[in-house]
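In: What would the 3D arrangement of this be:
(chains A, B and C)
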Amino acid sequence: MRPNRRKAAKADIALLLEGTYPFIRGGVSAWVHQIITGMPETTFALIFLGGDRSHYGEQQYTLPENVTHLECHYLMDTRRDSKPSPRRGNACAFAAQRSLHETFKSGEPVPAPVLQQVFAELGRKGGISREDFLYSEESWSMIDDSYRRYCTEPSFLDYFWSVRIMHAPLFQLAEVARNLPRVRMLHSISTGYAGLLGAIASQQRGLPYAISEHGIYTKERKIDLSQAQWITDPSDLVSGNLNEQLGYIRRLWIRFFEALGRLAYHQADTIVSLYLGNHERQLQDGADKARTRIIPNGIDPARFDGARRARPEAIPQVLGLVGRVVPIKDIKTFIRAMRTVCDELPDVEGWIVGPEDEDLDYVRECRELVSSLGLERQVKFLGFQNVNDILPKLGLMVLTSISEALPLVILEAHAAGLPCLATDVGACRELLEGGLEEDRALGPSGAVVPIADPEATARESIRLLSNPQQWKQAQQAGLERVRRYYTLESMFADYRDIYQQGLER
Amino acid sequence: MAGIGFELRRILRRDSYANLFGAYGLAGIISSGPWVLSVLGVMLIGIITLSLTPAVREVVQFLVSVTYLMAASLTLSGLFQHVFTRWVADRLYDKRQDLILANLMGLIWLTTVLALLIGLTVLALFFTDTSVLYRLLMLANFVVLCNLWPVTLFLSSMKSYQRIVVVFFLGYTTAVVASLLLAGHGLEGLLTGLLLGHSLLFFTFFYTIIRQYPGQGFIRFDFTRRRQIFPALIFTGLLFNAAVWADKVIFWFHPDTSQAIIGALRASVIYDLPIFLAYLSIIPGMAVFLVRMETDFAEAYDRFYNAVREGDTLQRINDFRDQMVLVARNGIYEVFKVQGLTIIVVFLWSEEILSAIGISPLYLPLFHIHLVAVGTQLLLLSIQNVLFYLDARGINVILCALFFASNILLTLLSIQLGASFYGYGFATAALISVLAGLWMLSRKFDRLEYETFMLQGR
Amino acid sequence: MSPRQWVVLGSVLALLLLALAGVVLLLPLASHWRWLALALLHGLMCLLISLVLVKALPPRYRGQARQTFAFLLTLQLAIPLLGSLGAMLGILLALNLPRKASDIPWQQVPIPELPFQPMDMQLQTVYSQGGLRQVLREAGNPDKRLQALIATRQMHPREAIDILREALKDPTDDVRLLAYSMLEQKEKQLARQGGLLQQALTRETGPQRVQTQRRLAQIRWEMAYLGLAQGGLRLYYLNQAAELLREILVTGSRHSDWRLLGRVEMALDNNLAAEDAFTAALENGAVAEQIRPYLAELAFMRRDFRAVQSHLAACQPDRLHPATRPLMEAWL
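Out: You can find the predicted model right below:
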């Protein structure tokens, strides 16, 4: 790296983080921390994007030396709203917006000049400022027009507010992009708002841009939105037919996030996924195959040697779920499975190990479920714990998530000599049964069950816990699999390569 | 609360001409009842006393004093007129009815203190040559009147029209009877009679309100909180009343057109008599105005905002807007037609009317132009009312300021131009304001959806 | 002193002051002395009456005594005599006389218009229930399967849950996730109600407790009946429901409780207990048509076909649930 360029920039890489590191603990955050600590020769600037300020508490990680900058922005902050005042709005800029939306609807790639103009004008005085969007006549006529042409749902009020709430954060993003510190490359850890920020900044400054996706943001949003209670659907109580109709407002939101994803994919130079399944999904969502790569997560097996040695001879009769207590982890299925397990093996305990500060309602619901199932004695909430301390005390790692990418906890458990039971999501099957032919030959390192199936989860848990021979085999397969295919070194090498390419461009 | 709108609609639904007249008749009485009664009451006192005693001077002093009392108290209470009504409406919307009574008490106190201070100052400075009793009576009358207008307004914004008319009738009957009984004591006797009547009115309303709108606490001043009020409404109230009286005040104090009556009070006989007569002519217009505003327009307005609030389609929101525009246009047009017709009829009979009351036919041209002027002022009132519904506070202030300024300038100009132009100043000012108001209203309607949605919370 | 005593005392003093004023008017005083004396008396009177009024206000208006006092004083000072009279009568009468109820017992409400535009059915694919299952199993395109899932929102919960469970095994992630979150939502609702009732149970006693227990039992039954709970969990919920019902039935027999107990026992495969419960329901006055079909089913399961026939024969065909009518016709 040339020292003269480096002096001018605040950092080599700007990491664009949406709702994760360094404020929320979890798989993605752990991964980010690994990347930063693993590449001490590279400097990082962290750009954190959050929803509502009140949802994020204390910083959860001590930032390593090579983090030179941290800034936080909250997209759902409404305090910034100015007093409404009438204005005309820039007709030309709104015309560009219209054509952008047309291309979104047609599903074609957005022509570069349109994109350039839109991004350049967003949040600017001469273009479309936030106030222009909120209060101008041009903006009104565009909303009016779009409603008449496309909206199939009756309530104009709902449509109006959806459009407002949906677009308001974009102006803030444009501002963030303009005020970004000088960096030499952008790297966002998801699509969505962070992805859009990357696209805008990369477009405006001509910076190389990489995306790493752990889950698939667009997909997760889509599931959320199909069910979200805050969107009301028009009810059709008269016809009595079964129809597939998903409310227009829901579809509008889904399309919005799809468009965000597509914009980020178009702009990115490298698009990384963790495993084959997600890789295909990215292609389907509009990523260019030539720019995609698969880089699985890795861990340092040596870190878990201690935990492995601390393991007692007998299998501890404890099922452990290590993860944040949030709906996507489906803690409830774990609790329900515990009911059946305890009917069969009354001495088995279930430990839920993970921070409980993210979704308080859900935590409450889980605790209520425990008491309504009469499991207060067997199921314990331990909060956040050091993995190395907890892993030797578990007899089986259970992961009931309804969506995962490539969960680090499985790799960690394997390295610590602990077999796993996981739902059939993300890369779990690959991790537990093997991906390639020779990998499969190692044998299963645990069991895979369907999601939301307490019966199957209980059955497989009982099988592994009460069958020392199968348990031992799984332990060995897990150890071997991690050592061969999922080490940190190979992951760092791949990312060094990506950064190198970007920085030297 | 069963509003008058409800009553009128029920009568109108029966669909016959007799009912139609019934409805308009009722509306005529309740819309113009209070002030017709007060004008008639005061005039009646004057005319009857005049026929009983030879003390013409004292009767004229009485009439002029009362006119000043009315003008000053209306202008002073105009300060709070709209701002307080709006505050009450907002609290009703918040479902905080319990705050209203205590704040009305707060308003009465504020008004009383203001009226007392102003009254004392003016009486001490400009009325040194009048008797102590006269000054005391003027002060008491002023305070009572300043308080009477807000409570009347409050009850009428609560749609208790019938009650207002009945109580006004009782109050002025008392005033007339008491004044006549006390007429032997001269000017002071007449003023005492009037004070009795007005006090009865005020305290009856006071009683009614305390009884009907109970709440927590006795006195509060929430309505003075900056965050809960709109200053533009204070200016609107003040400017409108000031504008209405501006031409009269100018005529009272212009040396060419006036003479001293009592203390610092002056009057302009040639200007005053015709204009107060002319004001009686707007009863039919007021009736139409009330029926249209309270029934059709209020309905169309509710439909529009319900459609907005409850998430109707844009198509229907537009339709309701169009309907509302149509109703407003028809309403204003109807006021125009009815008032126009009334003016023509009164024109035809004007000579007979004046001579019947015993006023010289010399006043005829002035009476004619005043008829047109007050009719135009009524149109302005209708337009402003629609604008209040639409929450166009800024436009209303501009309109009132325009009316105020043009009335002063043009009235002064008309006095310069000579006696044959008297009255044209006021009429032209009203006309200019009406035209400006129509233009601004139409623009407001054009941008209604844009402003409703995009500029909410302004 | 009570408010009433205050008023009496105040009135006496006020009359005294009035009399004094009369004396002042009658005395041959110089004009300015007379005015001064009158002003003094007026001031005293205003102070007195304001004080009495503040004391005589109903309790909830007594909050800001000082401001209220100032208000009353100003009003009376500005309007001599009449102000005092008006304030006294107006305030005391209005606040202390009993109020009659609102004089508008009813209000006319206009007929609401039919809302909104009609749905455009041509734009939508319409499914039949069997077709829906078919689409979920056979359609190659995951989007089609997703849409079919969304259509289950309009189905009866029991059938919808069945289909959603099946969709949990779908090869595509999205379909599984959507099915999961739809199931989750349905369950959340019931679980929430159950949780609230369970909490209520810890503090309630008497007849209210029985009512809560009954509702909780119904919710537990619903969890199992709808298929939201399965396996060990289902058994757990059913057992809880049975326990709750038995507890209620100790305090009093209601045929609907017996009937629910019968169904719970049947679901638990305790056929003998179920039979007893249904019989008890009949004895406690349940309609034959509601109970006999279950008894017939139980009889069928123990191969007592004669009893099946006799149970069904005891039902009146026209009062039977339409779904069981063909069954009856086949047996009789």
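
In: Kindly list the single helix or strand of chain C that scores lowest on mean pLDDT.
Out: strand C:126-127 (a mean of 63; mean pLDDT, DSSP states H and E).

In: can you pull the contacts of A:Phe44?
Out: A:Ala11, A:Asp12, A:Ile13, A:Ala14, A:Leu15, A:Ile36, A:Asn66, A:Val67, A:Thr68, A:His69 (C-beta atoms under 8 Å, 6 or more residues apart in numbering or on different chains). Backbone N, C-alpha and C define where each C-beta goes, glycine included.

In: phi, psi of A:Leu186?
Out: phi -110, psi 140 (degrees, to the nearest 10).

In: and the stretch 201-332 of chain C, which residues reach chain A?
Out: Within the stretch 201-332 of chain C, the positions near chain A by C-beta under 8 Å from any C-beta of the partner chain are C:Ala229, C:Gln230, C:Gly231, C:Gly232, C:Leu233, C:Tyr236.

In: on that earlier part again, any chance of the contacts of A:Phe44 in TSV, with pLDDT and secondary structure too?
Out: Listed next are the contacts of A:Phe44 as TSV, based on pLDDT from 0 to 100; DSSP: H, G, I helix; E, B strand; the rest coil:
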residue	pLDDT	secondary structure
A:Ala11	89	strand
A:Asp12	91	strand
A:Ile13	93	strand
A:Ala14	94	strand
A:Leu15	94	strand
A:Ile36	93	helix
A:Asn66	91	coil
A:Val67	92	strand
A:Thr68	91	strand
A:His69	92	strand
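
In: In PyMOL, select just the buried ones from these.
Out: Only the buried entries of these go into this PyMOL selection, using 16 or more other C-beta atoms under 10 Å in any protein chain shown:
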select buried, chain A and resi 11+12+13+14+15+36+66+67+68+69
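
In: any chance of the contacts of A:Phe44 in a markdown table, with distance to chain B too?
Out: Shown next, in a markdown table, are the contacts of A:Phe44 (distance: C-beta to the nearest C-beta, whole Å):
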| residue | distance to chain B |
| --- | --- |
| A:Ala11 | 40 |
| A:Asp12 | 44 |
| A:Ile13 | 41 |
| A:Ala14 | 35 |
| A:Leu15 | 37 |
| A:Ile36 | 43 |
| A:Asn66 | 46 |
| A:Val67 | 40 |
| A:Thr68 | 41 |
| A:His69 | 36 |
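
In: Quick check: ChimeraX command selecting the buried ones in the residues of the stretch 201-332 of chain C next to chain A.
Out: In ChimeraX, a selection of the buried entries from those looks like this (16+ other C-beta under 10 Å):
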select /C:229,231,232,233,236
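
In: Among the residues of the stretch 201-332 of chain C next to chain A, name the ones in strands.
Out: The members of those all map outside strands under DSSP state E.

In: In the residues of the stretch 201-332 of chain C next to chain A, find the pair that's most separated.
Out: C:Gln230 and C:Tyr236 (10.7 Å; C-beta to C-beta).

In: ok, the closest residue to chain B within the stretch 301-450 of chain A - contacts?
Out: Nearest to chain B, among the residues of the stretch 301-450 of chain A, is A:Asp361, at 27.2 Å (C-beta to the nearest C-beta). The neighbourhood of A:Asp361, defined by C-beta under 8 Å, 6+ apart, contains no residues.

In: helix/strand/coil for it?
Out: helix (DSSP: H, G, I helix; E, B strand; the rest coil).

In: try B:Ala260
Out: Applying three-state DSSP: B:Ala260 is strand.

In: What's opposite it in the beta bridge?
Out: B:Arg266 (DSSP bridges).

In: these two touch, right, it and B:Phe253?
Out: No. B:Ala260 sits out of contact with B:Phe253 when judged by C-beta atoms under 8 Å, with a separation of 10.2 Å.

In: if you count what's nearby, which of these two comes out ahead?
Out: Using other C-beta atoms under 10 Å in any protein chain shown as the criterion, B:Ala260 and B:Phe253 rank with B:Phe253 on top: 14 against 10.
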